[in-house]
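Engineer: coordinates only, no sequence provided:
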């Protein structure tokens with residue numbers, strides 16, 4: 001069997017292999033229909049997937065969806081993505097992925113990337129990119145060069161992507177500590193000259209002002225007014241080699257420059273790390289205090305403009321007894337602490353909040369070859385985890401009365417890396433990974449959120465206290481759009497070990513119009529469905545798949561149906577169906593009429 005050089009092949013680990021085999025339970029697709037009369041002219045449609053007799057003793061989960069209990073518009077706040085390497089944007093696989101992302105969402109898809117102002121020749125590397133937007137001549141006069149930035153933003157524009165602009169990092173000619181400048185991560189220090197404050201804040205501000213003006217001239221005022229402008233990245237750790245006060249100064253000069261160029265532009269920050277860390281929490285709190293009543297370094301006025309608030313929230317992963325163990329508890333607690341801080345500021349608690357990085361752990365560019373715990377990235381566990389976090393973040397936003405505008409997944413693609421190398425990504429070259437299909441599922445939802453209840457949901461407090469260690473989170477969210485109900489169901493647990501499937505007993509009630517003709521679609525992500533990684537391993541993990549293998553992998557990476565769509569000739573106000581959902585699996589049920 002061949003293996004990709006430098007990648008982590010789960011089949012090579014016998015403990016992981018047993019876990020995977022345990023999840024590969026054969027599904028059957030023999031659907032039986034029955035119509036049952038009910039009092040008061042209410043009909044119940046029973047669609048039962050035939051299951052092997054041995055599985056009926058497994059956990060049964062009752063999910064009730066109330067189509068008549070509407071809870072407001074379903075927000076596409078999941079449609080935010082990002083990555084370290086901006087030059088991947090306009091490369092072969094980057095362009096393709098942006099087009100795919102744009103196509104999956106009914107609303108704007110937002111992209112955030114580091115290194116938009118970093119000095120260099122535009123050659124990407126892990127955690128590195130550059131645009132050479134700012135240099136100086138021998139006399140110290142600024143030279144502005146928008147060539148590479150234009151390639152990046154032209155690609156966004158062509159794909160109908162809305163930039164979530166991260167203002168950073170420091171051009172070499174402006175850095176107070178310019179050498180060494182370009183890092184060679186993972187060898188040596190990551191935080192080199194690009195992470196330092198500017199030696200001249202006026203020149204820094206003028207660079208930002210000219211950048212915004214150039215963007216307006218190139219893409220139009222209305223388009224650029226739809227962008228967000230976020231100042232820097234994670235200034236509470238090594239990404240900022242200055243003091244907190246120097247970051248406030250950087251922020252003040254940057255947002256003043258943006259607003260002078262485009263008064264309606266939306267600015268914000270501080271994009272700090274996990275608020276569950278006391279140091280990060282203090283930085284976020286002090287930054288908001290500065291924006292509220294601190295002296296503005298750029299204008300001399302009190303306070304600083306703030307149109308949205310951003311911070312980051314991460315979980316953690318580790319290997320335990322030979323399997324991957326994730327930590328949704330840590331992730332949700334970081335979100336909760338950030339929301340608590342924002343809600344404590346009366347002036348700011350109604351502002352939009354963007355989790356401008358929200359991920360299972362903190363290193364997208366770390367591969368599973370060096371970090372076996374990151375093997376989750378190729379598997380359905382990444383999809384079920386993300387679904388559970390999205391639900392939990394929404395519940396926390398409701399608890400703290402937060403306007404959660406965006407939940408940004410820091411994953412994109414890594415150009416020309418080995419197939420399935422285990423980077424945190426949406427695709428490996430041009431093959432989509434299982435987590436991408438979760439976002440395809442979310443893109444199929446829309447309209448209004450409707451109430452959904454599960455007998456096996458962990459509940460927010462339980463997830464905050466103990467995560468999904470002792471029991472899985474089998475939960476759902478649902479939407480109603482005209483004559484269609486869509487239900488997302490997931491079966492997540494922190495430990496990626498063999499576990500029984502859940503038998504889902506799903507009821508949709510409160511359909512106001514009797515169903516006369518219906519169409520049922522059932523999409524799935526699991527170990528064998530919508531999963532190119534499993535297909536690749538079954539091929540023998542080829543380093544360079546043959547043409548026919550590549551076509552097979554492309555098809556396997558798309559969102560797939562469990563069975564062909566089913567036409568329904570039925571009448572009633574409620575729908576009932578049973579199906580098996582494997583551990584770490586995600587189902588999307590579409591019922592239209």
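Structural biologist: Ah, there it is. Keep in mind that what you see is a predicted model, and the values were worked out from it rather than measured.
Engineer: nearest residue to residue 592 other than its sequence neighbours?
Structural biologist: Nearest residue to residue 592, sequence neighbours excluded (CB to CB, 6 or more residues apart in numbering): residue 484, at 4.1 Å. Every C-beta, even on glycine, is put in place using the N, C-alpha and C of the backbone.
Engineer: surely the one you found touches residue 588?
Structural biologist: No. Contact between residue 484 and residue 588 fails when scored by CB atoms under 8 Å: they sit 11.9 Å apart.
Engineer: between these two, who's got more neighbours?
Structural biologist: For residue 484 versus residue 588, neighbours defined as other CB atoms under 10 Å are more numerous around residue 588 (24 against 18).
Engineer: and the end-to-end length of stretch 105-120?
Structural biologist: Start-to-end span of stretch 105-120 (CA to CA, to the nearest Å) is 34 Å.
Engineer: run the chain-centre distance for it.
Structural biologist: Taking CA atoms, centre = their mean, to the nearest Å, one finds stretch 105-120 lying 13 Å from the centre of the chain it belongs to.
Engineer: model confidence over it, on average?
Structural biologist: Averaging pLDDT along stretch 105-120 gives 97.
Engineer: quick check: buried residues in that stretch?
Structural biologist: Buried residues in stretch 105-120, counted by 16 or more other CB atoms under 10 Å: 105, 109-120.
Engineer: now the residues you listed as JSON lines including distance to residue 329 and secondary structure?
Structural biologist: Output for the buried residues of stretch 105-120, formatted as JSON lines (distance: CB to CB, whole Å; DSSP: H, G, I helix; E, B strand; the rest coil):
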{"residue": "105", "distance to residue 329": "29", "secondary structure": "coil"}
{"residue": "109", "distance to residue 329": "29", "secondary structure": "strand"}
{"residue": "110", "distance to residue 329": "27", "secondary structure": "strand"}
{"residue": "111", "distance to residue 329": "29", "secondary structure": "strand"}
{"residue": "112", "distance to residue 329": "26", "secondary structure": "strand"}
{"residue": "113", "distance to residue 329": "29", "secondary structure": "strand"}
{"residue": "114", "distance to residue 329": "28", "secondary structure": "coil"}
{"residue": "115", "distance to residue 329": "32", "secondary structure": "coil"}
{"residue": "116", "distance to residue 329": "34", "secondary structure": "coil"}
{"residue": "117", "distance to residue 329": "37", "secondary structure": "coil"}
{"residue": "118", "distance to residue 329": "35", "secondary structure": "coil"}
{"residue": "119", "distance to residue 329": "41", "secondary structure": "coil"}
{"residue": "120", "distance to residue 329": "40", "secondary structure": "coil"}
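Engineer: closest to residue 410 out of those residues?
Structural biologist: residue 112 (8.2 Å; CB to CB).
Engineer: hang on, isn't the closest one packed against residue 408?
Structural biologist: Yes. The criterion here is CB under 8 Å, and residue 112 meets it with residue 408 at 6.1 Å.
Engineer: check the offset of stretch 103-120 from the chain's centre.
Structural biologist: Relative to the chain's own centre, stretch 103-120 is displaced by 12 Å; criterion: CA atoms, centre = their mean.
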